[in-house]
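K.L.:
the sequence isn't on hand, but the structure is:
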């Protein structure tokens, strides 16, 4: 029996030695502590981690041998995972910092309670150095954040480039329009002067013939009336050409835009009533004055109102709005360049004229301000009305814009600078 017991003890010791050797071969440090937190056993990697001799470790308090930190601050005693396990938490796990002689390591620690017997409690502490993994994770986070910032910066740059490209296109279109208007103006002026005198002679001849014909020549009288009407229509076209080609000087003074609009409406009130068109005025109160030539601005308003009237042959609603607006977004003609009509942050007066008419097709909307372009039937328009309207508004240092949807009406918006009295 004694021999068998000795053999069993030797076999058990051999197995324990093999087990200890196997555990020591594990890369991660492992420590066994008693119920008071003293080190009873440790694997070789633990010795290398804490850089101490065996004699310094056996029986020493693990909290003293392995002081842990969080964000550079020493852990409070009760927060140490070993103490948490000893005080009843079955598995205490976390990531902590541990200062070594050569660097600060980030350790992943698991402290697990072990019931050795009814009277004895111990704790097994498994430790893993995750410094490289955590550094890699932080690097990935930084790279991801940098990539996000870079992508956002690229999006902003792309948006800025797109905006600059759009502004360049619009500026180019404005230059082309200006050159076209100048060329058309010169051509129109020359043609108008050449045509006006012959028309005057023809009109005088027709008037002379009207006096010479007898009552029995009624048919001839009708022909002369048709000729006279045609000459007058041609003369109106010539006068429009002259108005377009030569800029009448502005006689500007501070004006109340609401009064100017009302005066323009009074001049076309009869046509609006006959067409069964309801007029709605929506003027903001206490609006400041604008520096304008009231006669030319009335010409602008009347032309726009008559266009709206023609777009509503079966009646409708005409709405005129006046309000102040602060220009807080860059757009064509609004920005910080010296060539911009308005500056960002500037407060302006806006006049909107909206109808509920037939609207303008999208494919022709961009041509409505071109000279001689018209959507009216032949003989009913010269196509100069909106071109002259735009020219007058721009000479007032203003802007005119149009928005329309076929079948749902058209809105013209005139933006004018507010009059500032001299100091």
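P.N.:
Perfect, thanks for sending it. Predicted model, so just to flag it, every value in this text is computed and none were measured.

K.L.:
the closest residue to residue 351 other than its chain neighbours: what's it in contact with?
P.N.:
In space, residue 351 comes closest to residue 414 once its chain neighbours are excluded; the distance is 4.4 Å by C-beta to C-beta, 6 or more residues apart in numbering. Just so you know, the C-beta spots here come from the backbone N, C-alpha and C atoms, and that holds for glycine as well. Under the criterion of C-beta atoms under 8 Å, 6 or more residues apart in numbering, the contact partners of residue 414 comprise 300, 350-353, 393, 398-400.

K.L.:
secondary structure, distance to residue 93 and neighbour count for these - can I get that in a markdown table?
P.N.:
A markdown table is the format used below for the contacts of residue 414 (DSSP: H, G, I helix; E, B strand; the rest coil; distance: C-beta to C-beta, whole Å; neighbours: other C-beta atoms under 10 Å):
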| residue | secondary structure | distance to residue 93 | neighbour count |
| --- | --- | --- | --- |
| 300 | helix | 79 | 28 |
| 350 | strand | 66 | 18 |
| 351 | strand | 72 | 26 |
| 352 | strand | 68 | 17 |
| 353 | strand | 73 | 20 |
| 393 | helix | 75 | 22 |
| 398 | coil | 72 | 23 |
| 399 | strand | 68 | 21 |
| 400 | strand | 72 | 21 |
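
K.L.:
ok, those vs residue 262, which is closest?
P.N.:
Using C-beta to C-beta, residue 351 is the member of those that sits closest to residue 262, with 12.2 Å.

K.L.:
partner residues bridging the closest one?
P.N.:
Beta-bridge partners recorded for residue 351 (DSSP bridges): residue 322, residue 414.

K.L.:
residues of stretch 63-71 that come out buried?
P.N.:
The neighbour-count check on stretch 63-71 (16 or more other C-beta atoms under 10 Å) flags 63, 65-66, 68 as buried.

K.L.:
still on that earlier bit, how close does the residue nearest to residue 351 sit to residue 402?
P.N.:
From residue 414 across to residue 402, the span is 10 Å (C-beta to C-beta, to the nearest Å).

K.L.:
next one: residue 86
P.N.:
For residue 86, the distance to residue 402 (C-beta to C-beta) stands at 82 Å.

K.L.:
those two: which is more packed in?
P.N.:
residue 86 (21 against 16; other C-beta atoms under 10 Å).

K.L.:
tell me if I'm right that the more buried one and residue 37 touch.
P.N.:
Yes: counting by C-beta atoms under 8 Å, residue 86 does reach residue 37; the two are 6.0 Å apart.

K.L.:
overlap in contacts of these two?
P.N.:
Between them, residue 86 and residue 37 share the contacting residues residue 123, judged by C-beta under 8 Å, 6+ apart.

K.L.:
so of the buried residues of stretch 63-71, which ones are in helices?
P.N.:
Secondary structure from DSSP state H places 63, 65 of those in helices.

K.L.:
widest-spaced pair of the buried residues of stretch 63-71?
P.N.:
With C-beta to C-beta as the measure, no two of the buried residues of stretch 63-71 lie farther apart than 65 and 68, at 10.9 Å.

K.L.:
got the phi and psi for the nearest residue to residue 213 once chain neighbours are set aside?
P.N.:
The shortest distance from residue 213 to any non-neighbouring residue, by C-beta to C-beta, 6+ apart, is to residue 220 (5.3 Å). Reported as degrees, to the nearest 10, the phi and psi values for residue 220 are phi -60, psi -40.

K.L.:
same thing with residue 102?
P.N.:
On the backbone of residue 102 - angles per degrees, to the nearest 10 - the values are phi -100, psi -20.

K.L.:
where does the stretch 301-423 of the chain have low pLDDT?
P.N.:
Flagging of the stretch 301-423 of the chain using pLDDT under 70 yields the residue ranges 330, 332-333, 335-336, 338-339, 371-385, 423.

K.L.:
50 instead, please
P.N.:
Scanning the stretch 301-423 of the chain with the threshold set as pLDDT under 50 gives 378-379, 382-383.

K.L.:
care to break this structure down by domain?
P.N.:
When the chain is parsed into structural domains using automatic domain parsing, the resulting residue ranges are 2-129, 251-417.

K.L.:
now the first one: how far from the chain's centre is it?
P.N.:
When you say that, I think you mean domain 2-129. Relative to the mean C-alpha coordinate of its chain, domain 2-129 is positioned 60 Å out (C-alpha atoms, centre = their mean, to the nearest Å).

K.L.:
residue 103: what's its closest spatial neighbour, skipping adjacent residues?
P.N.:
Ranked by C-beta to C-beta, 6+ apart and with sequence neighbours excluded, the top spatial neighbour of residue 103 is residue 131, at 7.6 Å.

K.L.:
for residue 94, grab phi and psi.
P.N.:
Given degrees, to the nearest 10, the pair of backbone angles that residue 94 has is phi 180, psi 170.

K.L.:
so it touches residue 111, yeah?
P.N.:
No: with contact defined as C-beta under 8 Å, residue 94 and residue 111 do not form a contacting pair (9.3 Å).

K.L.:
between the two, which is the more surrounded one?
P.N.:
Set side by side, residue 94 and residue 111 show unequal neighbour counts under other C-beta under 10 Å, the larger going to residue 111 at 25 against 16.

K.L.:
the domains of the chain: which one's closest to residue 214?
P.N.:
domain 251-417 (31.6 Å).

K.L.:
which parts of the stretch 151-300 of the chain are strands?
P.N.:
Listed in chain order, the strands found in the stretch 151-300 of the chain under DSSP state E, counting those that start in this stretch are 253-255, 277-283, 290-292.

K.L.:
out of these, which one sits most buried?
P.N.:
Each of the strands of the stretch 151-300 of the chain was given a mean neighbour count from mean count of other C-beta atoms under 10 Å, and the largest, a mean of 22, is that of strand 290-292.

K.L.:
what sits opposite residue 92 in the beta ladder?
P.N.:
Residues in a beta bridge with residue 92, per DSSP bridges, are residue 111.

K.L.:
how near is it to residue 114?
P.N.:
Residue 92 sits 13 Å away from residue 114 when distances are taken as C-beta to C-beta.

K.L.:
these two: who's more crowded?
P.N.:
Higher neighbour count among residue 92 and residue 114: residue 92, with 22 against 12, using other C-beta under 10 Å.
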